[in-house]
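J.: Sharing a model prediction with you, sequence too.
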Protein chains: 2
Amino acid sequence: MNDLYIALIHHPVHNKEGKIITTSVTNFDLHDLARTGTTYGVKKFFVVTPSEVQQNMVNYIKNYWTAGFGADYNPSRKEAITFLETSPSLEDTCLTIKNHSGSQPLLVATTAKKTEKSVSYSFLRQKKQDGPPLLLMFGTGFGLASEVLDKADYILDPITGVNGYNHLPVRSAVAIILDRLIAK
Amino acid sequence: MNDLYIALIHHPVHNKEGKIITTSVTNFDLHDLARTGTTYGVKKFFVVTPSEVQQNMVNYIKNYWTAGFGADYNPSRKEAITFLETSPSLEDTCLTIKNHSGSQPLLVATTAKKTEKSVSYSFLRQKKQDGPPLLLMFGTGFGLASEVLDKADYILDPITGVNGYNHLPVRSAVAIILDRLIAK
């Protein structure tokens, strides 16, 4: 099976008014995505932000759980956080994946809206059986900027519930999408 | 389809050493479970804790998002948090459901370990087509106490990943389980 990577993107994303912003990193996202990603065999989890201060904060947290007090206190957390890496941009993330796996990843965007490029989960499950690594991209704030969606090779179908409410936390969306793509 | 309720249980649960404790409420759990539950049409989300101080804190947070500043600032959050209720115990939760839906719920426990009472997701999906309401019970800390598992009518199969790592956050577990039970 080909390799799967995930990226949590803090820039470029939309705010409530549709403007392009850089969001702050949320500590719970780091732990939840690392733990969920590890459960489903994700190779690396990239926290993408151009802010050096935010990268340093994430690396400080990573160090606490992988080499500091947290590593002894909670070894299973250490195991998960080990897969977390900071990255300044999507381009840099792709370069790291190329160096790590040997080939450029296919870019898969996630969004709460149906688009012309939308593909189903079963389509991507088949795609995943063979070929280059996949990078699943998740937006923070009010979602990935259109320039990221334009760069994507595929956009996954939105997760629809039962009554039109489509305000899932990114932590829940990652869990559901990995389960739909990976679970036996 | 019959009604679905979820309960996040803070007592009785295990700590790291297997002792019975009462965990503290985590703010992110309130928002994430309310939003995910609303997406999948859950009727009510119970935050179960015997601590009155913690119940008051949860009700303060609920009020902020449903009647205070947060209600205007983020109407979709208001819509989700409206379904959240505090409850002092599992017994009290069942009584509220009985008053709300007209009949006693079937109790469905979730756990990270396979048990003799474990049932599959497809079994419960069928069960859900007809009959009394279901109450899905999620543990905090190191999981639901055995007395809760003993009371359960069913225990859901654990979510297994690809490599034996089974330390999903409760926020991710709720999302995956609701998706497996409800999504079309």
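T.: Received it, and whenever you're ready, just let me know what you need.
J.: What residues sit buried inside the lowest-mean-pLDDT helix or strand in chain A?
T.: Lowest by mean pLDDT, DSSP states H and E among the helices and strands of chain A is helix A:121-127, with a mean of 91. Neighbour-count burial for helix A:121-127 flags A:121, A:124, A:127 (criterion: 16 or more other C-beta atoms under 10 Å in any protein chain shown). For every residue, glycine as well, the C-beta is placed using N, CA and C.
J.: And stretch A:138-154, by the same measure?
T.: A:138-145, A:148-149, A:152, A:154.
J.: From chain B, how far out is residue A:10?
T.: In this view, residue A:10 and chain B are 18 Å apart by C-beta to the nearest C-beta, to the nearest Å.
J.: Any figure for the gap between that residue and residue A:148?
T.: For residue A:10, the distance to residue A:148 (C-beta to C-beta, to the nearest Å) stands at 12 Å.
J.: With residue A:17 instead?
T.: 18 Å.
J.: Packing partners of the helix or strand hosting residue A:86?
T.: Element membership for residue A:86 (DSSP states H and E) is strand A:84-87. Where contact means 3 or more C-beta pairs under 8 Å, 6 or more residues apart in numbering or on different chains; DSSP states H and E, strand A:84-87 is packed against helix A:27-39, strand A:44-48, helix A:52-66, helix A:90-101.
J.: what would those look like in a markdown table with mean neighbour count and mean pLDDT?
T.: Shown next, in a markdown table, are these (neighbours: other C-beta atoms under 10 Å in any protein chain shown; pLDDT from 0 to 100):
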| stretch | mean neighbour count | mean pLDDT |
| --- | --- | --- |
| helix A:27-39 | 24 | 98 |
| strand A:44-48 | 25 | 98 |
| helix A:52-66 | 16 | 98 |
| helix A:90-101 | 16 | 97 |
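J.: And those: which comes nearest chain B?
T.: helix A:27-39 (3.5 Å; C-beta to the nearest C-beta).
J.: what's the angle from that closest one to helix A:52-66?
T.: 50 degrees (axes from the mean of the first three to the mean of the last three C-alpha atoms, to 10 degrees).
J.: Next, see if helix A:27-39 gets close to chain B.
T.: Yes: using C-beta under 8 Å from any C-beta of the partner chain, helix A:27-39 reaches chain B at A:28, A:31-32, A:35-36, A:38-39.
J.: Up against chain B, what does chain A have?
T.: Residues of chain A lying near chain B (C-beta under 8 Å from any C-beta): A:28, A:31-32, A:35-36, A:38-41, A:76-77, A:79-80, A:159, A:161-163, A:165-169, A:171-176, A:179-180, A:182-183.
J.: which of these are buried?
T.: Using 16+ other C-beta under 10 Å, the buried members of these are A:28, A:31-32, A:35-36, A:38-41, A:77, A:79-80, A:159, A:161-162, A:165, A:167-169, A:171-176, A:179-180, A:182-183.
J.: picking that back up, could you say what helices and strands the least confident helix or strand of chain A packs with?
T.: With contacts taken as 3+ C-beta pairs under 8 Å, 6+ apart, helix A:121-127 sits against strand A:154-156, helix A:170-182.
J.: Format those as CSV; extra columns: mean pLDDT.
T.: CSV is the format used below for the helices and strands packed on helix A:121-127 (pLDDT from 0 to 100):
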stretch, mean pLDDT
strand A:154-156, 97
helix A:170-182, 97
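J.: Now those in JSON lines, please, with extra columns for distance to residue A:110.
T.: Below are the helices and strands packed on helix A:121-127 laid out as JSON lines (distance: least, C-beta to C-beta, whole Å):
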{"stretch": "strand A:154-156", "distance to residue A:110": "5"}
{"stretch": "helix A:170-182", "distance to residue A:110": "6"}
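J.: Around residue A:11, how many other residues sit close by?
T.: 21 (other C-beta atoms under 10 Å in any protein chain shown).
J.: One more: residue A:71?
T.: So residue A:71, with other C-beta under 10 Å, has 17 neighbours.
J.: Leaving out chain neighbours, which residue sits closest to it?
T.: residue A:78 (4.6 Å; C-beta to C-beta, 6 or more residues apart in numbering or on different chains).
J.: other SSEs contacting the one helix or strand that neighbour maps to?
T.: Per DSSP H and E, residue A:78 falls inside helix A:75-81. Helices and strands touching helix A:75-81, by 3+ C-beta pairs under 8 Å, 6+ apart, are helix A:27-39, helix A:52-66, helix A:69-73.
J.: which stretch among those helices comes nearest residue A:107?
T.: Taking C-beta to C-beta, helix A:27-39 is the member of the helices and strands packed on helix A:75-81 nearest to residue A:107, at 17.2 Å.
J.: Let me know the angle separating that closest one from helix B:170-182.
T.: Compare the direction of helix A:27-39 with that of helix B:170-182 by the same axes, to 10 degrees and you get 60 degrees.
J.: now helix A:27-39 against strand A:44-48, angle please.
T.: 160 degrees.
J.: what does helix A:27-39 rub up against?
T.: A:6, A:8, A:45, A:47, A:58, A:61-62, A:77, A:79-81, A:83-84, A:138, A:140, A:170-171, A:174-175, A:178, B:28, B:159, B:161-163, B:165-169, B:171-172 (C-beta atoms under 8 Å, 6 or more residues apart in numbering or on different chains).
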